[in-house]
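J.: just the structure for this:
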Amino acid sequence: MGDEIKARFFQAEDFSLFRSRLDEETALLSTMFKNNEFSRRGEVAGFELEAWLIDDAGNPLPENDAYLQRLNNPLVVPELAEFNVELNGSPSALSGHVFTRLQDELEATWEACRTAAEGMGYHLVIIGILPTVAESDLSSDHMSHMVRYQSLNDRIMALRDGKPLAVEIEGDATLSTTHHDVMLEAAATSFQIHLQCRPDWAVRDFNASIIASAPIVAASANSPYFLGHALWDETRIPLFEQAVDVGPRNPPRVSFGQGYVNGSLLEIFEENQREHLILIPAVQDQPPSKFSHVRFHNGTLWRWNRPLIGFDFDGQVHLRIEHRVVPAGPTVTDCIANSAFYFGLVRGLGTHAQPPEASLPFEVARDNFYNCARYGLNGRVRWMRDGREQELSVRSLIIEDLLPLARRGLQSRNIPDAEIDKYLNVIGGRVESGQNGAAWQRRWVAMNGPDLHQLLDAYRSLQDTGKPVHTWQL
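T.: Below you'll find the model as predicted:
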């Protein structure tokens, strides 16, 4: 739901009209899938990176309006909270020196962002959850001045009959709290990876993204602290799922999904239409071929792997997958390495003669994901090896099986070995050392004590060096 809307409040007829247009567009989308009318370009990479504005003390700084005006960069846009911004990347063909291209652009944008921030006495940091964020920061007073966010909050709280959102996350000590708006969502910041698919590969790509989610979240985890509690290695996962909970009478808006896709990605859009209430009936005056209502409705459902409808430069409709499991940070290099691991795994799993989802049940992939979100590189997974399902440490699985698989996947896209080495070696270094962002943060606290402001200061200093997290000293 990246598009701004005109009205905050809606009438019954708005819901009826939105539903009518959603049904019409979903029927048109069904015809497009039946006739295979999507853009065949595919194999295009992209990303979105969310960042925090902070002050000298390391506290969230709710000033993104003034900051974005000063920055004046179309690739950087507001997020839900006034202390968050989002950096976007240009699409790039998944071939050749693709990761160097993505990194060069992101580093240029990041440096411009940091320079603008420092010119205003601000700082920027990329981290899954800012360890210094307080519950008082997560107030609707600090919501970005966008009508769509205000309407989102109104509707979710209305569906809950005004009942506060309850968050309970187990950790060293269980966090249990309630909140009266959706701003807890703003505490979870991500590096979202996009893959534009060739239509004939879209099902395999989507299911591979589901299977790859567990090892990827284990390798990339960077969110162990929230509201002073040591929780999951990737606390973003349970936090986001609970932060926009629409109550027991409705299916969740944030989830791992209900199963693999069988015939086409249409199954997800039809599930959206059939099973999920319209959250914001923002009727748009566009033809059905723009799929405005399908896309907006899909934008209010945050699956960890989300299919998207988009458009090529010449207007052709394309299919895209948004892989949402990866946290922001710790550095630009780490982010791009995470994308290389993702693309490599998706392509590597796609080279299997038999689809891996045929032998790894969805329920196993889902359990793997939540185990790795909680325990990071200490997680355990069930995986098919030597023709049978085995329980393995995720570290041994990544080193022995998945990094070689990702390498083969990237080689299938004619990506040079030196490019593959540069980025997959970052993942290998993390896994071999056991030090991703979450592990470094926990180790710092174990050595220096629980002052999370000092932790953030040390983290930001190392982030500013640009060196990947597995090389960080304590």
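J.: may I ask which helix or strand of the protein has the lowest mean pLDDT?
T.: Lowest on mean pLDDT, DSSP states H and E among the helices and strands of the chain sits helix 147-159, with a mean of 89.
J.: which residues are contacting it?
T.: 1, 3-10, 80, 140, 143, 180-183, 244, 246-247, 250, 277, 279-280, 282, 300 (Cβ atoms under 8 Å, 6 or more residues apart in numbering). Any C-beta I mention is one placed from the backbone N, CA and C, and that applies to glycine too.
J.: could you list which of those belong to strands?
T.: For the contacts of helix 147-159, not one is inside strands, with DSSP state E as the criterion.
J.: quick one: the least confident helix or strand of the chain to chain centroid distance?
T.: Centre-to-centre, helix 147-159 and its host chain are 21 Å apart (Cα atoms, centre = their mean, to the nearest Å).
J.: let me know the next secondary structure element after that helix.
T.: Note on helix 147-159: by DSSP states H and E, the next helix or strand toward the C-terminus is strand 165-169.
J.: surely Gly58 touches Ala458?
T.: No: when contacts are counted by Cβ atoms under 8 Å, Gly58 is not listed as touching Ala458 (10.3 Å).
J.: ranges for the helices of the stretch 151-300 of the chain?
T.: With DSSP state H, counting those that start in this stretch as the criterion, the stretch 151-300 of the chain has helices at 202-220, 236-243, 266-275, 292-298.
J.: who are the packing partners of the longest one?
T.: Using 3 or more Cβ pairs under 8 Å, 6 or more residues apart in numbering; DSSP states H and E as the contact criterion, the secondary-structure elements in contact with helix 202-220 are strand 191-197, strand 305-311, strand 317-323, helix 332-350, helix 362-375, helix 394-397, helix 417-433.
J.: got the buried residues for the longest helix seen in the chain?
T.: The residue-count maximum for a helix in the chain (DSSP state H) belongs to helix 12-35. For helix 12-35, the neighbour count (16 or more other Cβ atoms under 10 Å) marks Asp14, Phe18, Arg19, Arg21, Leu22, Glu25, Thr26, Leu29, Met32, Phe33 as buried.
J.: tell me what Ala45 is bridged to.
T.: Judged by DSSP bridges, the bridge partners of Ala45 are Ser92, Leu195.
J.: and it, how many neighbours?
T.: 25 (other Cβ atoms under 10 Å).
J.: tell me who's in contact with it.
T.: Pro91, Ser92, Ala93, Leu94, Val98, Leu102, Ile193, His194, Leu195, Gln196, Ser339, Phe343 are the contacts of Ala45 under Cβ under 8 Å, 6+ apart.
J.: mind checking how far Leu308 is from Ser393?
T.: Here Leu308 is placed at a distance of 34 Å from Ser393 (Cβ to Cβ, to the nearest Å).
J.: after whichever strand or helix holds Ala439 comes which helix or strand?
T.: In the assignment (DSSP H and E), Ala439 maps to helix 437-448. Later in the chain than helix 437-448, the nearest helix or strand by DSSP H and E is helix 452-463.
J.: and the nearest residue to Ser144 once chain neighbours are set aside, what does it touch?
T.: Closest residue in space to Ser144, ignoring its immediate chain neighbours: Pro78 at 4.6 Å, by Cβ to Cβ, 6 or more residues apart in numbering. Counting by Cβ under 8 Å, 6+ apart, Pro78 touches Asn64, Asp65, Leu68, Asn84, Val85, Glu86, Ser144, Met146.
J.: and Pro78, bridged to which residues?
T.: Assigned bridge partners for Pro78, using DSSP bridges, are Val85.
J.: re earlier: just the buried residues of the contacts of Pro78.
T.: Here, 16+ other Cβ under 10 Å leaves Asn64, Leu68, Asn84, Val85, Glu86, Ser144 buried among the contacts of Pro78.
J.: closest one of those residues to Glu400?
T.: For these, the residue nearest Glu400 by Cβ to Cβ is Glu86; the value is 36.2 Å.
J.: and the gap between the closest one and Gln286?
T.: Counting by Cβ to Cβ, the gap from Glu86 to Gln286 is 24 Å.
J.: sorry, back to before: mind putting the buried ones among the contacts of Pro78 in JSON lines, pLDDT and distance to Thr351 included?
T.: JSON lines is the format used below for those (pLDDT from 0 to 100; distance: Cβ to Cβ, whole Å):
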{"residue": "Asn64", "pLDDT": "96", "distance to Thr351": "43"}
{"residue": "Leu68", "pLDDT": "97", "distance to Thr351": "43"}
{"residue": "Asn84", "pLDDT": "97", "distance to Thr351": "38"}
{"residue": "Val85", "pLDDT": "97", "distance to Thr351": "38"}
{"residue": "Glu86", "pLDDT": "97", "distance to Thr351": "33"}
{"residue": "Ser144", "pLDDT": "86", "distance to Thr351": "43"}
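J.: in JSON lines: those residues, plus distance to Glu389.
T.: Below are those laid out as JSON lines (distance: Cβ to Cβ, whole Å):
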{"residue": "Asn64", "distance to Glu389": "47"}
{"residue": "Leu68", "distance to Glu389": "49"}
{"residue": "Asn84", "distance to Glu389": "40"}
{"residue": "Val85", "distance to Glu389": "43"}
{"residue": "Glu86", "distance to Glu389": "39"}
{"residue": "Ser144", "distance to Glu389": "46"}
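J.: does Arg407 count as helix, strand or coil?
T.: When classified by DSSP: H, G, I helix; E, B strand; the rest coil, Arg407 comes out as helix.
J.: burial count for it?
T.: So Arg407, with other Cβ under 10 Å, has 18 neighbours.
J.: returning to what we had before: show me what the helix holding Ala439 is packed against.
T.: On a contact count with 3+ Cβ pairs under 8 Å, 6+ apart, helix 437-448 meets helix 452-463.
J.: surely Pro327 touches Thr189?
T.: Yes: assessed by Cβ under 8 Å, Pro327 is found in contact with Thr189 at 7.0 Å.
J.: identify the contacts common to the two.
T.: Both Pro327 and Thr189 are contacted by Ile127, Gly128, Ile129, Arg236, under the criterion Cβ under 8 Å, 6+ apart.
J.: out of the residues you listed, the closest to Gln463 would be?
T.: Ile127 (8.0 Å).
J.: how about that closest one: what's its closest non-neighbour residue?
T.: Nearest in space to Ile127, with sequence neighbours left out and distances taken as Cβ to Cβ, 6+ apart, is Gly329 at 4.6 Å.
J.: is that neighbour in contact with Ile126, as I believe?
T.: Yes: contact criterion Cβ under 8 Å: Gly329 and Ile126 qualify, at 3.9 Å.
J.: give me the common contacts of those two.
T.: Joint contacts of Gly329 and Ile126 (Cβ under 8 Å, 6+ apart) are Phe191, Cys335, Gln463.
J.: let me know the closest of those residues to Leu410.
T.: Using Cβ to Cβ, the shared contacts of Gly329 and Ile126 come closest to Leu410 at Cys335, 16.7 Å.
J.: how deep is the closest residue to that closest one other than its chain neighbours tucked in, by neighbour count?
T.: Take Cys335 and drop its neighbours on the chain: the residue closest to it by Cβ to Cβ, 6+ apart is Phe191, 4.8 Å away. Look at Phe191: counted by other Cβ under 10 Å, it has 28 neighbours.
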